[in-house]
Structures are given as structure tokens and as C-alpha cells.
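In: any chance you could fold what I've pasted below:
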Amino acid sequence: MIRSLLTLYNPLSLATTITYMLQNTEYASKPYLAWFWRTQDFSRVMYRRTLDQTRAARLMRDAIAGGAFLEVALGIAVLYEGIAGGYIELSLFGAALILAFPVLWAHLVVVALWLGRQIVAAKQQELIEQSRKIFTAHPGVKIAVAGSYGKTSMKELLVTVLGEKFSVAATPGNKNVAISHAYFAKKLTGHEDVLVIEYGEGRPGDVAEFAENTRPTHGIITGLAPAHLDQYKTLQAAGKDIFALADFLKGQNVYVNDEPEAIKPFIKSDYHAYNHKSALGWKATNIKVNPDGTSFDLTKGKKVIKLKSGLLGRHNVGALSLVAALGLELGLSEKQVQDGIAKTKPYEHRMQPRQVSGGWIIDDTYNGNLEGVRAGTALLASLPAKRKMYVTPGLVDQGKDSAKIHEEMGKLIAAAKPDVVVLMQNSTTEHIKTGLKNAKYTGEVTVENDPLNFYTNLDKFVATGDVLLMQNDWPDNYN
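Out: Next comes the predicted model:
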């Protein structure tokens, strides 16, 4: 730790590093402090990324740097006076001020954040209360999207397809908590036909609170998988929280992806189940997948609608089918549904393909759960290639079941039969290797100690005819 702290004896470097760590832990005290105390070399904290220069980040960095400079200056002055006057205690105090400034400011900033949050929280609660009135009065169809994964993709599908006929507004990016919903509400005109509201889940009670605030008329639950288990502790607790959306709607207009095994105990008879085979009475047939996208037919009786999407993978057919069928129920024509589905394409870092050196790289680094791994490995297994490669650092926030989940991940990777598996060295690596070994994987396994170097040189790793799938990301604040 002493060697580590020596790298922070520069006030500006200290301020930048601390702000970066806070930014990457979403300014949450507990994970920030845990990261700070386990760091062995602060000069490598920003090895993979740099500080996102937002206004808040710049203000925080400058405040920390200014305070640290002042403390060092005061320490030097006190030390000088102590030595000049022969005051040992004063000299020791001055030296302590100089020596302790990295640790002191690393913790003072947490206190300042806590005080700031108390002020901000009151204002935010006022905005949230105002947004509840806006959502309650809004006459449009309000579709809430919840689940352990696939929320943003489902939201974007709804916006794209329903937008063929309706005026649609949706929460931006991954802004999916109460205050984000409140800011979204402030921008509404009241003339929108459809609102699509993404619900995050970070702690027990979140989804119930979001439903009370946004007053949805329809709810889509995209799936259940281990995620945020540091807060929920068990998958069952996470499922109960997510299905608070269905409870709010009293089972009416609730649409649930019933493919994950973990979700089945939560499904009730009045919910509308959807999967890659069917949705709302429509059957998905003739499914074809290639690096350019996915095509399939939706059939109901004698009706056949041919659909082609830019999204990759059989696992997307369920979501596409639901959006198409729901669009028809809400009043879209078959032509509008076809045109809307044709406009859908992979979202950034979510099964996003690109060609490199004559091969294909599929970027699924925003995936962060076991069901996503299941879908990704199934896609890799289905695609033709001269050589198949799978790259992952593992999954974060898997709680006490992390070892078990990563061993299962290893088995899923092995079942896809890639020629090469590349793992990033961290706390999950050995568990994935155990899963690969138990599944009798016989391909090549490489462990990278320098992920940045690997990812920035992918073009040298991929050749003509290759398919490389990258799944998951590993934020710097995880070990």
C-alpha cells in the first residue's frame, strides 16, 4: 500500500485518479473505497481508459487538486515554522499534513459527496413527484421494459417499429432510474402516442417504485439471469423485484420472455409469453441467421409475414416477434411492421458485427449475464467460419454464485466448439477454465494479462474467414 500511495504524491495526478475512480463507480462511496484500498499501483488505474471530461468530473478534479495543493502548501509552511522555531510537535504536524494528503483527500471527497447527495436528493425527489403527475396525466400508451438483460434492445426495437405509425418517445440511452424518468417526463409534450420507459434494477424495491412513478399501461419483461447479485443476493429476489412491474399492472398487458429457466416460476396464466418460436398467437418459422442479420416468417393461420432484421442471432427472434405482433395489435399494418423490422440493426456493443481483415468480429461487450453468454455461444456455434474464436473477461456482479456461474459459462463456451478461447486474467479466469476442462474442451485456451494490448491489436489476430465473438466487459473497479 505504501508503494501504491507514492504514485499519488502529485496533487493533480491524485485529483484525476480519484475522480476517475469515483466516476467509474458511479460516485458510490462503498465500491470506490473498496477499489481505493485494494489498488496496488495507482499509476495503472487509468491504464485502459481515461477520465470522461464531464463538467461534474472537471469540477470535482479541480476541487480535489486545489484542496490538495493548499494542504501541501500549509504543511510546508507549518513544517518550516516548526523547524525554525524548534517546535517538534509543530514540525511533526506539518510533516503529517504533507505525507497524509493522498489518503485524506481520498476520504474527504466521500464526505463531500454524501453532503451533496443530501441536498441533491431533496431536489430530485421533488422532480420525481412532479414526473408522477405528468405520467399519470399522459394519454398515450406507456410501455415499461424491465428485466435482467435485453432492456435497451427491446426499447429500441419498440421505438423503431412502432415509429412507423406513431409518435414515440423513449428514455434515452441507458437512463433507467427514477431521476432519469423524471427528466424524461419534463420533455414530454403530452401529444406522444407511445412512451417507452426502460427500468433498471439496482436494489430491491426499484421496479415497484418506478412503476408507481411512471404509471405504465403495458409491461415487457425481457428475461431473468444472475445480475446485480451484490445487491439482490439471490436470483429469486431479483426476479421478485422485476415482476413488481407485472404486479402493478395486475397481470394485464404483461409480456414475458419465457425462455430462461429461471423465469418460469414467476409466470402466471394471464401473462402473455413470448419466445423465439411464438408471440401473441403468431408462430416464427423458417429462421435463418448469418453475419448480415436474421430473417424469419411470422405465421398465423393462413397469414404469412416475411421479416428481415439486421439483428444477429436466433435469440433475437422472440423480441422481434413480440414487437411485430404488438405493433399489429396497436394498429400497425403488415407493411409498416415489415418496414420497421427491416430498419432494426445491432446496437453499439450488443451483437454488433464488423468486418476486419476479411473476417468478422461480433462485439457483444455490453452483455453482462449468463443468458447473454448462452445466446452468444449459440450464435457462434451456428455461424460458418474457417476459424472460430471466443473472447471474454467473465461476468461481474455475480455474488456468491460467481464460481458456479463461471464454470457454467465455461461449459457453454466449450459447447460452441470455438477453435480458440481467449480469457482476460482476473478473479473469474480459473473458474471459466474449470468449466472448459469439465466439458472436455480440446481447443486452444489463451489467458491475456494485458487486455488493452489485445483489444487494440485485434486486426492482427483475425484473418480471412474467421469469426471472433467478444462478450462482456470488465470495468477497472473489479479485480
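
In: tell me where the stretch 1-150 of the chain has strands.
Out: Assigned by DSSP state E, counting those that start in this stretch, the strands in the stretch 1-150 of the chain fall at 141-146.

In: which stretches in it count as helices?
Out: 2-6, 11-24, 29-38, 55-85, 88-137 (DSSP state H, counting those that start in this stretch).

In: tell me the most buried of those?
Out: With neighbours taken as mean count of other Cβ atoms under 10 Å, the helices of the stretch 1-150 of the chain reach their highest mean count in helix 11-24, at a mean of 22. For glycine as for every other residue, the C-beta is placed from the backbone atoms N, C-alpha and C.

In: nearest to residue 410, of the helices of the stretch 1-150 of the chain?
Out: Closest of those to residue 410 is helix 29-38, at 25.8 Å (criterion: Cβ to Cβ).

In: report pLDDT for residue 194.
Out: pLDDT recorded at residue 194 is 98.

In: please tell me how far it sits from residue 160.
Out: Look at residue 194 and residue 160: by Cβ to Cβ, to the nearest Å, they are 12 Å apart.

In: in the chain, where is pLDDT below threshold?
Out: Across the chain, the ranges flagged by pLDDT under 70 are 1-8, 116-121, 227-233, 474-479.

In: can you tell me which residue is spatially central in it?
Out: Geometric centre of the chain, nearest residue: residue 366, 5.8 Å, by Cα atoms, centre = their mean.

In: ok, now which ones touch residue 319?
Out: Residue 319 makes contact with 150, 153, 154, 157, 222, 257, 274, according to Cβ atoms under 8 Å, 6 or more residues apart in numbering.

In: list the buried residues for the particular helix or strand that has it in it?
Out: Here residue 319 sits within helix 317-330, counting by DSSP states H and E. Buried residues in helix 317-330, counting neighbours by 16 or more other Cβ atoms under 10 Å, are found at 317-328, 330.

In: can you list the residues you listed in a markdown table and add distance to residue 103?
Out: Formatted as a markdown table, these follow (distance: Cβ to Cβ, whole Å):
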| residue | distance to residue 103 |
| --- | --- |
| 317 | 54 |
| 318 | 51 |
| 319 | 49 |
| 320 | 53 |
| 321 | 56 |
| 322 | 53 |
| 323 | 52 |
| 324 | 57 |
| 325 | 58 |
| 326 | 55 |
| 327 | 57 |
| 328 | 62 |
| 330 | 58 |
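
In: for the residues you listed, which one is nearest residue 77?
Out: Relative to residue 77, the closest of the buried residues of helix 317-330 is residue 319; by Cβ to Cβ it sits at 64.5 Å.

In: coming back round to it: which one of the buried residues of helix 317-330 sits closest to residue 140?
Out: Within those, proximity to residue 140 (Cβ to Cβ) peaks at residue 330, which comes in at 11.0 Å.

In: the closest one touches residue 162, doesn't it?
Out: Yes. Between residue 330 and residue 162 there is a contact at 6.9 Å, judged by Cβ atoms under 8 Å.

In: what is in contact with the two at once?
Out: Joint contacts of residue 330 and residue 162 (Cβ under 8 Å, 6+ apart) are residue 194.

In: could you chop this structure up by domain?
Out: 2-121, 138-342, 352-471 (automatic domain parsing).

In: so which of the helices of the stretch 1-150 of the chain comes closest to residue 431?
Out: helix 29-38 (19.6 Å).

In: output the contacting helices and strands for the closest one.
Out: For helix 29-38, the elements it packs on are helix 11-24, helix 88-137, judged by 3 or more Cβ pairs under 8 Å, 6 or more residues apart in numbering; DSSP states H and E.

In: and with 10 Å instead?
Out: Contact partners of helix 29-38 among helices and strands, from 3 or more Cβ pairs under 10 Å, 6 or more residues apart in numbering; DSSP states H and E: helix 2-6, helix 11-24, helix 88-137.

In: for residue 449, which non-adjacent residue is spatially closest?
Out: residue 425 (4.9 Å; Cβ to Cβ, 6 or more residues apart in numbering).

In: er, residue 268 actually
Out: Nearest-residue entry for residue 268: residue 251, 6.0 Å, with adjacent residues in sequence omitted and distances by Cβ to Cβ, 6+ apart.

In: and what about residue 287, helix, strand or coil?
Out: What DSSP: H, G, I helix; E, B strand; the rest coil gives for residue 287 is strand.

In: so it is in contact with residue 294, correct?
Out: Yes. With contact defined as Cβ atoms under 10 Å, residue 287 counts as touching residue 294 (7.0 Å).

In: neighbour count: those two, which is higher?
Out: residue 294 (25 against 15; other Cβ atoms under 10 Å).

In: helix, strand or coil for that one?
Out: On the basis of three-state DSSP, residue 294 is classed as strand.

In: show me the beta-bridge partners of it.
Out: With DSSP bridges as the criterion, residue 294 is bridged to residue 289, residue 309.

In: okay, now residue 27: neighbour count?
Out: Count around residue 27 with other Cβ under 10 Å applied: 19.

In: same check, this time on residue 42
Out: 22.

In: all further residue positions should be reported with the first residue as 161.
Out: Understood, numbering begins at 161; the last thing we discussed is residue 202.

In: from residue 183, how far out is it?
Out: Distance, residue 202 to residue 183, using Cβ to Cβ: 15 Å.

In: what of residue 454?
Out: From residue 454 to residue 183 the distance is 36 Å (Cβ to Cβ).

In: repeat that for residue 232.
Out: 24 Å.

In: please enumerate the strands of the stretch 461-610 of the chain.
Out: 463-469, 512-516, 519-524, 547-552, 580-584, 604-608.

In: ok, which of these comes nearest residue 295?
Out: Judging these by Cβ to Cβ, what sits closest to residue 295 is strand 463-469, at 30.6 Å.

In: so residue 301 is in contact with residue 353, correct?
Out: Yes. Using Cβ under 10 Å, residue 301 is in contact with residue 353, at 6.8 Å.

In: these two: who's more crowded?
Out: Taking other Cβ under 10 Å, residue 301 and residue 353 do not tie; residue 301 has more neighbours (19 against 16).

In: neighbours of the closest residue to that one other than its chain neighbours, how many?
Out: Nearest non-adjacent residue to residue 301, counting by Cβ to Cβ, 6+ apart: residue 354, 4.8 Å away. Residue 354 has 21 neighbours, counted by other Cβ under 10 Å.

In: partner residues bridging residue 354?
Out: Where residue 354 sits in a bridge, its partners, by DSSP bridges, are residue 301, residue 328.

In: distance-wise, check it relative to residue 310.
Out: In this view, residue 354 and residue 310 are 19 Å apart by Cβ to Cβ.

In: distance check, residue 325 against residue 479.
Out: For residue 325, the distance to residue 479 (Cβ to Cβ) stands at 19 Å.

In: equivalent analysis for residue 531, please.
Out: 13 Å.

In: look up the residues that both of those two are in contact with.
Out: 310, 382, 383, 417 (Cβ atoms under 10 Å, 6 or more residues apart in numbering).

In: give me phi/psi at the second one?
Out: Right, the one you point to is residue 382. phi -80, psi -20 (degrees, to the nearest 10).

In: thought it was touching residue 318?
Out: No. Residue 382 is not in contact with residue 318 according to Cβ under 10 Å; the separation is 11.3 Å.
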